[in-house]
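Sharing a model that was predicted from the sequence below.
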Amino acid sequence: MAVVEQSQPMPTLSTKQKQVGQSYWSLVWWKFRRNRVAVVGGAILLTFYISFVFLPEFISPYALQHSSDYAEAGPTPIHFVDQAGKFHLQPFVYGMEQKLDFKTRARTYVEDTTRMYPIKFFAKGDPYKLFGLIPVDIHLYGVDQKNDSQAIVLLMGADALGRDWFTRIMYGGRLSLLIGLIGQVMTILFGTVLGVISGFYGGAVDQIIQRSTEFLSTFPDIPLFMALAAAIPPFWPALTSYFMLTIILSFVRWGGLARQVRGLILSLREREYALAAKSAGASDVRVMFRHLMPGTMSHVIVIATLAIPGMILAETALSWLGLGIRAPLTSWGVLLQDAASVRAIHNTPWELWTVPFILVTILAYNMLGDGLRDALDPYGAR
Amino acid sequence: MSETLSEPLIEVKDLRVEFDVRAGIVKAVDGLTLTIQRGKTLGVIGESGCGKSMTARAILNMIPKPGRITHGKIVYHRRLQNNGQSQMDDIVELTELDPDGKVIREIRGGEIGMIFQEPMSSLTPVYTAGVHINEAVALHHLTPVRKVGDQLAEQVMAHRTVTKEEAREIAIKMLQRVGIPKPAQRVDSYPHQLSGGQRQRVMIAIALSCEPAMLIADEPTTALDVSIEAQILDIMRELQESVNMAIMFITHNLGVIASMADEIVVMYMGKAVEQAKVVDLFKDAKHPYTQALLKSIPHLGKKKVGGRLASISGMTPDPFNLPTGCVFHPRCPMFMPGKCDKIVPSWTKVGENHWVSCLLYEEV
């Protein structure tokens, strides 16, 4: 601050100036920080997004398509103490031997205590490209497969093809978390733009937009999705249909947000600054999106944060029904579909590990959204 | 007031603004005629709801929804400054323009600026003072520090987009001109960090940043306390002299208007009842309504102690049910039965630049 240069005689004045310099967002941040629950929620989400969206290749020990001989193997037990009772600081796993029960045809795995594989951090493994650019072969953890290709560590068991379930959750999180975010961004776009237009112009435009939100909300969700998912040509690449799904999700859900934004704009447009902007020569578009829309943003942010879990759940539900993301791609919905049979629950219960990840994500979003709502509300108590 | 040469800038001719609401038609402005001279201040006074603000908004072609201009025209003598020495006047009829069109948007803010009554709410809360000024500048593609007389520089600078640094400089300079202390710091202040007086100064800075030919001030000091009011009025007077700008000053404060205006129009129920030079109006008011208004302000040392201030008897009439003849007749102390309630008075000249609409001065 340039306080020193002006040689203020009173020190109290300089502290006052600092207070004056507080912007709205720094006040919001200050208020948000005091809400422990919200901070925890935010931290969880930040960790999830960084690790699932940007770093799943690094955190998971194997490549997504890395299949092994250990089909439907349970989680590998991790040991610190060996057969001789000796304590190892570095955890290790034993090799696994497949046993086939000839009566039931069930596969079981028993530990072969003669083979010991220490779990290494920053172990070398399957090569991949970090951020899709830098070629690397170092993973966060893993066992050395160079000497013995039988060595494997399955933190959360394996699926029917012997793929590491933890790896699949990591990669699945990428799509599931992104679809929530991308879908929400599009919902915000549709909802705010149409809401602002509807509230600003009123009259016939308002009628058309409001009636279409009502029309859209009369559709039952699942049959609509089924119809729309059927409309996507099956020969489209999996990723394209994934984006189509995102668009469908946001197209159906913009109505609620549009109504709330409209309500806010109805009150904001009567403020004198809308008139002042117009009298300064601003066009309608400029008044709407530059002067009025920012006034709705804090509300939109909160609504969006609280609505993202709905998007994630919708993706999960649709994929589970087989309408959303399909098999070659991995999402949490696809993983749930794998686990959705009595047989799977009985034989491979570790496949339900997906559920806590979904639960924690959604809980974290709600915690964050609640905190944001309190922090962004300038008239809130506390 | 040494200039005797008067050039009309805005001529409002028989303007009628009507609001078609469910209960009937409200005539917000009913046959108003007035002229604003270039570089002069026209004061408009009247009670709340007499159509002062609607006239101002009609000039900018910004009548709100159910209302519309049903009759009359507003002629704007637009001065194009493009070709250096020879200034050309172009006559634009403001009421004929598309209210969302390009021409009216160029005129709004660029050539006719406006400031409002509530400085608290007339700045967008999410933008700093500097951003507001820059927007006004950007909208009209001008670098606002055009030096008068420096025609060459003016030609070079017009229609050039300003860089970020330049825009900031301009904003700081404007804030300095309207007397905001520490403009270099204040330029980054948000509206909520400014006091009421400072906000009104920022509003003036925005309006002046494009050097308009006219400024419409719609009760600019009503929401401010008296000492700040005096400062704001001083600034407006100073700036008016430096840029030769006309001001349409709307108020209901007779004291303020006496110190600001060259000419005054008194309005009652959407009509002009009297128009005169300031001195003439205060010394020799003709219309009974103006006389009553002047009697209702306290005079220092004039009244005896304990005496009551005069008030205008009766109430403003129901806008859906206006009285016949002269609209003021039910409250008029000079009511002439059989005349005032039958005949609508016409705009009569009673002296040099002194017009009145009253049957007392008319031969009927």
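Done, it's in.

any idea of the pLDDT on residue 58?
Reading this off chain A. What the model reports for A:F58 is a pLDDT of 82.

meant chain B actually
91.

secondary structure element for A:G263?
helix A:238-268 (DSSP states H and E).

And the strands in chain B?
Assigned by DSSP state E, the strands in chain B fall at B:8-21, B:24-37, B:41-45, B:67-80, B:88-93, B:112-115, B:214-218, B:246-251, B:263-268, B:271-277, B:348-351, B:354-356.

And the ones you listed: which comes nearest chain A?
Within the strands of chain B, the stretch nearest chain A is strand B:112-115; the backing value is 4.1 Å (CB to the nearest CB). For glycine as for every other residue, the C-beta is placed from the backbone atoms N, C-alpha and C.

helices or strands next to that closest one in the packing?
When contacts are defined as 3 or more CB pairs under 8 Å, 6 or more residues apart in numbering or on different chains; DSSP states H and E, strand B:112-115 sits against helix A:272-279, helix B:196-208, strand B:214-218.

repeat that with 10 Å
helix A:272-279, helix B:52-59, helix B:196-208, strand B:214-218, strand B:246-251 (3 or more CB pairs under 10 Å, 6 or more residues apart in numbering or on different chains; DSSP states H and E).

Could you save the ones you listed as TSV and add columns showing mean neighbour count?
Conversion of the helices and strands packed on strand B:112-115 to TSV gives the following (neighbours: other CB atoms under 10 Å in any protein chain shown):
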stretch	mean neighbour count
helix A:272-279	24
helix B:52-59	23
helix B:196-208	25
strand B:214-218	25
strand B:246-251	24
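
Same list, the ones you listed, but as a markdown table with distance to B:S259 please.
As requested, the helices and strands packed on strand B:112-115 are exported to a markdown table (distance: least, CB to CB, whole Å):
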| stretch | distance to B:S259 |
| --- | --- |
| helix A:272-279 | 25 |
| helix B:52-59 | 18 |
| helix B:196-208 | 17 |
| strand B:214-218 | 13 |
| strand B:246-251 | 10 |
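
so which of the ones you listed gets nearest B:D225?
helix B:196-208 (8.1 Å; CB to CB).

I'd guessed A:Y70 sits against A:T76; true?
Yes. Taking contacts as CB atoms under 10 Å, A:Y70 lies within contact range of A:T76: 8.7 Å.

and for the two, which residues touch both?
A:96, A:109, A:152, A:154, A:157-158, A:164 (CB atoms under 10 Å, 6 or more residues apart in numbering or on different chains).

Could you measure from the residue in the stretch 101-250 of chain B that chain A sits nearest to over to B:L60?
Closest residue of the stretch 101-250 of chain B to chain A, CB to the nearest CB: B:G109 (3.4 Å). The gap separating B:G109 from B:L60 is 9 Å, by CB to CB, to the nearest Å.

what about chain A, any weak spots by pLDDT?
A:1-24, A:146-149, A:377-382 (pLDDT under 70).

Please repeat the previous calculation with a cut-off of 50.
A:1-20, A:380-382 (pLDDT under 50).

Spatially central, which residue of it would that be?
When CA atoms, centre = their mean is applied to chain A, the residue found nearest the centroid is A:L177 (2.5 Å).

distance between the longest strand seen in chain A and the chain's centre?
Longest among the strand segments of chain A by residue count, using DSSP E, is strand A:107-130. How far strand A:107-130 lies from its chain's middle: 29 Å, per CA atoms, centre = their mean, to the nearest Å.

Would you mind listing the buried residues in that strand?
Neighbour counts over strand A:107-130 (16 or more other CB atoms under 10 Å in any protein chain shown) mark A:109, A:116-117, A:119-120, A:123, A:125-126, A:128 as buried.

Return it as PDB; C-alpha atoms alone will do.
Output of strand A:107-130 as PDB, limited to C-alpha atoms (Å, rounded to 0.1, in the frame of the first residue of the first chain):
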ATOM      1  CA  ARG A 107     -12.000 -69.900  -7.700                       C
ATOM      2  CA  THR A 108     -10.200 -69.100  -4.500                       C
ATOM      3  CA  TYR A 109      -6.800 -67.600  -3.900                       C
ATOM      4  CA  VAL A 110      -4.400 -68.600  -1.100                       C
ATOM      5  CA  GLU A 111      -1.300 -66.800  -0.100                       C
ATOM      6  CA  ASP A 112       2.000 -68.400  -1.000                       C
ATOM      7  CA  THR A 113       4.200 -67.300   1.900                       C
ATOM      8  CA  THR A 114       7.400 -68.300   0.100                       C
ATOM      9  CA  ARG A 115       7.100 -65.400  -2.300                       C
ATOM     10  CA  MET A 116       7.300 -61.900  -0.700                       C
ATOM     11  CA  TYR A 117       6.900 -58.700  -2.600                       C
ATOM     12  CA  PRO A 118       7.500 -55.400  -0.900                       C
ATOM     13  CA  ILE A 119       5.100 -52.600  -1.800                       C
ATOM     14  CA  LYS A 120       7.200 -49.700  -3.200                       C
ATOM     15  CA  PHE A 121       6.200 -46.100  -3.400                       C
ATOM     16  CA  PHE A 122       7.000 -44.500  -6.800                       C
ATOM     17  CA  ALA A 123       7.300 -47.900  -8.300                       C
ATOM     18  CA  LYS A 124       7.900 -48.500 -11.900                       C
ATOM     19  CA  GLY A 125       5.000 -50.000 -13.800                       C
ATOM     20  CA  ASP A 126       2.900 -49.700 -16.900                       C
ATOM     21  CA  PRO A 127       4.000 -46.700 -19.000                       C
ATOM     22  CA  TYR A 128       1.500 -43.800 -19.400                       C
ATOM     23  CA  LYS A 129       1.400 -40.200 -20.400                       C
ATOM     24  CA  LEU A 130       1.000 -37.700 -17.500                       C
END
